[in-house]
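Participant: generate coordinates for the sequence data below:
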Amino acid sequence: MSLKNAVLFSVLTAVCCQIQIPISSQDLNPIFGDFNPGLTNFSLPGLNLGEEPKLSDVAGSLCLTKIKGLYNGLTTFNQESIAFFDAAGKPGPGLTQGNLLMMGGYDMCLSIKNATAGYYNFCYVGAPGKLFGYPMRIDWTGCLPVECRNGSNTDVEKWISSFIPFGQLVLEPGTMNCETDVELGTGAILGYVYLGIVAFLVVLGTLWYTCHPVIKSIITSEPPEDRQVLVDCEENNEIIPDTPQEGKSAGKPSQTQSVAQPEQQTESLLSRFWKCFALQRSFGTLTSTTTKPGQVLCLNGIRVLSINWVVLGHTYLNYMGLLGDKMYLGTLLNRRNSPIIINANPSVDSFFALSGFLVAYLLLKQLAKSGGPRKMGVAKWVAYYLHRYLRLTAPYLMVVLLEGFLYRQWVTGPLTFAMDGPDKACQNYWWANVLYINNLVPWKATEVCVGQTWYLSNDMQFYLIAPFFVMLLFWKPLAGIFTSVAVILSSTVATAIITYHYRLGPASAADLNDDNFWLVYNKPWIRIKAYLVGILGGWIYWKYGQTLQDRVNKMPEWRKVLVAGPIWAATCAMQWAVVFGLYDDIKNARLENKQPGEADSISYSSLARIAWSTALTAQILLCQSGLGGFINSILSWNGWLVLARLTYSVYLLHLGLMRVLAVIIRHPFYFNPDFELGVKYLGILMMSYLAAIILYVCVEQPLAFLEALTYRR
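Facilitator: Residues are numbered from 1 along each chain as shown. Coordinates of the predicted model:
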């Protein structure tokens, strides 16, 4: 028997066993000749679609008629029939382990569609049902005739129930989505225009940066200018961009500045404009590990570790629905270390605390330098807000256009219908993202445009009101502390009331109520606690940081250990309690479907964010005062600088990349053995950083150069 016939026999055997066609060895003689595969005459029940549909009925009846015709075609070994049933989703191994994702052959369905001039569609059907009497949800994908697309879901579910072996599957009404042609809408056109503008500027800027010095040297007979001007590779960490850089005296230029001055005096504005978009400059800034006095270096390590933790939590959450071994989740949840993955929410509070710390510290430095808020002038306050909006919005808008409009144009796969929801949300609410209010609009965030950016809206809203708290701390420290603490306590009480009233769980990981996200998780009056704790920490560092450093430097090593040891132990214990304190509640909610008790829910939801941000802020102060020891050495490693610059772009891009990978997958995921989850996580993390490099050097950093050029003028 030839290899082709052997493969065909394998396919036909699998198909016949799935749909239960009566077949005998004589039926195979036309193909296999004298070969006897051992199928001596046997008979199985045929495809059971009930009574013959009436062609006068609605389109759904045409669907069943077409499928029954394909079924009959199997007895004559019709290639279209064989391909159709082979492309249909079937139960795979591991039904008892929760593998209820029956994925059909997407690529085979496309070949049938192309061969039959579009008479088939690849579709998804999701419906609750019972298999062997046990309630469960069935997710099925496969080829369907076009007659089924406009028909009743009931007809398709009836066909699936008959197609699945054992005759023990009963489906209830569910949902059906079929692939559709994506139209080139306004959003996609704007996305292409934005990409085109960015590409044009980057290409021309890079060429100008490369060729202009050579052409100039030929014309003037002078050697090309030195490209090692360090000012191109320096990062402006000031909160208002037109102030001198940290560690540089306004009256005494550094060596770097003195080198750059002749070029700045003679070079035209047009030339400097194009150089803002040069890849060489952006890569130089990205890869620079030069530090300046006064920088809070430990924040770089914290930022990188926190974003990596965010990606880990999202990897777990986004692929749960595509698991072929759902029972393995029980094994995972029974492990004491499982909250590291499942309860990654504190990683977001880390960013709120870091943001508040930096805003307070840098703004207080600027206020002291200017002589107070009134002497800063209107221009600097305008720069304070405009700087933040422009720097965040340029890469943010790119991601909104990618996720909301362009990915759907580019990506094809078995589950691409799942991208229709974000598409629709971006079409309806893109303006809420641009205004940084998408944590409030739509109020009940069932569909959010670029879902993870609720954080950016909160952070921008906190940034807008931060000067009020910072100026109080600058003018009247006691009044500033009292006001900040009062707002923190008010937020705590509001969290407790909402949690009690709506019977919410302590956190989304341990809550059976799906409303937790839009009632608590993404609302500014709940999340402001961590930000204000960071502001207070930034004020403490600005006010007493140098004094603490001087005192610590005079201490012997044993006294440093004696002072720092208990504080480190206490703060680490607080963080451990926040992460692992939900272990029992998570396990009960996810495995036993039990909502945590009211006392646990109210106390944790109200206090956990304060505890985490307070502990983290205290640890930052320990590191900056000289009591960080080896922990500070790790977090302040210069190598973190490169990755820290990419954390914003990683945050914007990683979830969209996960969704793209999820919708194009041809088979279920598996997290067992454990390294499967690790491989998936590390792959997504690496892809996110690589994509972040592109966004950083093409959009984020060129805008920073352009902004610096504008303010310099």
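Participant: quick one: pLDDT of the closest residue to Asp423 other than its chain neighbours?
Facilitator: Spatially, and ignoring its direct neighbours in sequence, Asp423 is nearest to Arg408 (5.3 Å; Cβ to Cβ, 6 or more residues apart in numbering). Where C-beta positions appear, they are placed from N, C-alpha and C, glycine not excepted. pLDDT recorded at Arg408 is 87.
Participant: for the remainder of this discussion, apply numbering that starts at 28.
Facilitator: That works, and once the first residue is 28, the last one we named lands at Arg435.
Participant: contact partners for Arg435?
Facilitator: Contacts of Arg435 were listed using Cβ atoms under 8 Å, 6 or more residues apart in numbering, and they are 209, 215, 443, 446-447, 450.
Participant: now swap in Ile567 and tell me
Facilitator: With Cβ under 8 Å, 6+ apart, Ile567 has these contacts: Leu648.
Participant: A strand includes it, no?
Facilitator: No - Ile567 sits outside any strand when classified using DSSP: H, G, I helix; E, B strand; the rest coil, being helix.
Participant: related to what we said a few turns ago, what is the most widely separated pair among the contacts of Arg435?
Facilitator: Using Cβ to Cβ, the contacts of Arg435 span at most 14.8 Å, a distance reached by Ala215 and Thr443.
Participant: how about the secondary structure of Val197?
Facilitator: Classified using three-state DSSP, Val197 is strand.
Participant: which residues touch it?
Facilitator: Per Cβ under 8 Å, 6+ apart, neighbours of Val197: 156-158, 188.
Participant: quick check: it vs Val323, distance?
Facilitator: Val197 sits 61 Å away from Val323, going by Cβ to Cβ, to the nearest Å.
Participant: next: Gly404.
Facilitator: 27 Å.
Participant: next: Cys599.
Facilitator: Separation of Cys599 from Val323 (Cβ to Cβ): 20 Å.
Participant: looking at those two, which is more packed in?
Facilitator: A direct count of neighbours by other Cβ atoms under 10 Å for Cys599 and Val323 places Val323 higher, at 21 against 13.
Participant: was I right to think the more buried one contacts Leu648?
Facilitator: No - applying Cβ atoms under 8 Å, one finds Val323 not in contact with Leu648, separated by 10.0 Å.
Participant: quick check: what element follows the helix or strand where Leu394 lies along the chain?
Facilitator: For Leu394, the host element (DSSP states H and E) is helix 373-397. Helices and strands here follow DSSP H and E; after helix 373-397, the next one along the chain is helix 400-428.
Participant: what pLDDT is listed against the residue lying closest to Tyr548 once chain neighbours are set aside?
Facilitator: In this structure, Tyr548 finds its nearest non-sequential neighbour in Ser535, 5.8 Å apart by Cβ to Cβ, 6+ apart. Here, the pLDDT recorded for Ser535 equals 79.
Participant: what is the burial count for Ser535?
Facilitator: Ser535: 18 surrounding residues under other Cβ under 10 Å.
Participant: correct me, but it touches Phe544?
Facilitator: Yes - Ser535 is in contact with Phe544 according to Cβ under 8 Å; the separation is 6.2 Å.
Participant: which SS class is Gly169?
Facilitator: Put simply, Gly169 is strand when judged by three-state DSSP.
Participant: gap between stretch 213-221 and the chain center?
Facilitator: In terms of Cα atoms, centre = their mean, to the nearest Å, the centre of stretch 213-221 is found 22 Å from the chain centre.
Participant: then stretch 607-622?
Facilitator: Relative to its parent chain, stretch 607-622 has a centroid offset of 25 Å by Cα atoms, centre = their mean.
Participant: repeat for stretch 438-455
Facilitator: The chain centroid and the centroid of stretch 438-455 are separated by 15 Å under Cα atoms, centre = their mean.
Participant: got it, and stretch 465-475?
Facilitator: Going by Cα atoms, centre = their mean, the spacing between the C-alpha centre of stretch 465-475 and its chain's C-alpha centre is 17 Å.
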